[in-house]
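> Could you look at this predicted model? Sequence included:
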Amino acid sequence: MTSKSEALDYVLVPLGLAVMAGYHLWLLLRIRRRPATTVIGINAINRRIWVRHIMEDASGKNGVLAVQTMRNAIMASSVLATVAITLSSLVAALMASGAAHGLFSRRDDVGDGNSNIIVLGATGEVALSAKFLAILICFLVAFLLNVQSIRYYSHTGTLINVPLRAHRRPGLAVDYVTGTLNRGSYFWSLGVRAFYFSCPVFLWLFGPIPMFAACVAMVCTLYFLDVYKEWEEEESDGCGGGDEETKADTATATATAV
């Protein structure tokens with residue numbers, strides 16, 4: 001194991017993490033300042049409109065639609081939480097058994113015996129344990145975030161079926177239910193991000209170069225998935241005062257919840 005090979009971990013791994021962290025910091029600021037240019041902000045705006053539409057229905061016909069929508073959201077979070085805890089158990093079992101150590105620390109039988117067949121970078125027991133621990137943390141965080149998402153979705157399923165006329169302050173009721181629904185969606189999105197983040201961390205097992213390349217590719221992909229500028233342009237071209245007020249209220253709720 002050469003010192004130059006180990007130095008790659010100290011350079012490329014922090015650099016890759018900085019790229020991911022920098023992108024999400026930029027995304028957070030964009031959501032707070034210009035929510036209508038991000039998919040997360042646009043979804044928050046539409047969730048507020050949907051909540052008001054469901055709660056203003058005096059006949060209650062949309063109650064079934066609300067329950068079915070919440071059920072689908074809970075099922076999606078439940079599936080992700082189940083996958084996350086299953087993968088966490090698998091990674092923990094591999095760490096305890098030490099079966100993966102032989103695979104990622106195997107030495108070449110030719111030459112001086114110091115070159116690794118698979119990995120370029122640190123391949124010692126401590127380094128391998130740190131890599132598996134990072135993967136385990138990603139899946140555990142994904143599990144906890146999806147559990148919180150289920151919690152907020154369950155609350156929303158009850159709150160959204162309370163008629164708006166039953167509240168003394170209808171506007172405040174819509175804000176509260178919208179905030180609860182948005183928090184459930186935010187936790188679900190963060191749980192998905194934890195799965196995304198586990199991909200570069202997993203590739204770290206094969207060395208810092210695949211890990212750094214995966215971080216850069218992930219940021220480029222997420223940018224096209226997170227940014228949508230046409231919505232803001234359409235609203236600025238022709239949007240009534242009521243729509244602007246709704247957008248402003250939702251943007252404030254989004255910034256507060258995030």
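Received it, and whenever you're ready, just let me know what you need. Because the structure is predicted, anything quoted here is derived from the model rather than measured.

> how deep is the residue nearest to His167 when sequence neighbours are not counted tucked in, by neighbour count?
The shortest distance from His167 to any non-neighbouring residue, by C-beta to C-beta, 6 or more residues apart in numbering, is to Ala173 (4.0 Å). Any C-beta I mention is one placed from the backbone N, CA and C, and that applies to glycine too. Look at Ala173: counted by other C-beta atoms under 10 Å, it has 20 neighbours.

> Can you tell me the element Ala173 falls in?
Using DSSP states H and E, Ala173 maps to helix 170-203.

> So the nearest residue in space to Asn161 that is not next to it in sequence versus Val162, what's the distance?
Closest residue to Asn161 apart from its sequence neighbours, by C-beta to C-beta, 6+ apart: Gly63 at 5.1 Å. In this structure, Gly63 and Val162 are 10 Å apart, going by C-beta to C-beta, to the nearest Å.

> More neighbours: those two, which one.
Each of Gly63 and Val162 has its neighbours counted (other C-beta under 10 Å); Gly63 has more, 15 against 12.

> OK, contacts around the more buried one?
The contact partners of Gly63, by C-beta atoms under 8 Å, 6 or more residues apart in numbering, come to 54, 57, 161.

> most neighbours, which of those?
Counting neighbours by other C-beta under 10 Å, Ile54 leads these with 20 neighbours.

> Over to the spatially closest residue to Asn62 that is not a sequence neighbour. Which of the three states is it?
Nearest non-adjacent residue to Asn62, counting by C-beta to C-beta, 6+ apart: Ile54, 4.9 Å away. At Ile54 the chain is in helix, as set by DSSP: H, G, I helix; E, B strand; the rest coil.

> Same check on Ala213?
Going by three-state DSSP: Ala213 is helix.

> my guess is Trp231 meets Arg34, correct?
No - using C-beta atoms under 8 Å as the test, Trp231 is too far from Arg34 to be in contact (10.4 Å).

> higher neighbour count, these two?
Shown here are Trp231 and Arg34; by other C-beta under 10 Å, Trp231 has more neighbours (18 against 14).

> Next up, the contacts around that one.
36-37, 42.

> name the element it belongs to?
Using DSSP H and E, Trp231 sits in helix 230-237.

> so where is the stretch 51-200 of the chain shaky, pLDDT-wise?
Along the stretch 51-200 of the chain, the model assigns pLDDT under 70 to residues 58-60, 98-124.

> Can you show me the strands along the stretch 51-200 of the chain?
Assigned by DSSP state E, counting those that start in this stretch, the strands in the stretch 51-200 of the chain number zero.

> show me where it has helices.
63-97, 99-104, 125-159, 170-203 (DSSP state H, counting those that start in this stretch).

> Could you point out which of those sits nearest Ile49?
Judged by C-beta to C-beta, the one of the helices of the stretch 51-200 of the chain that comes nearest to Ile49 is helix 170-203, at 9.3 Å.
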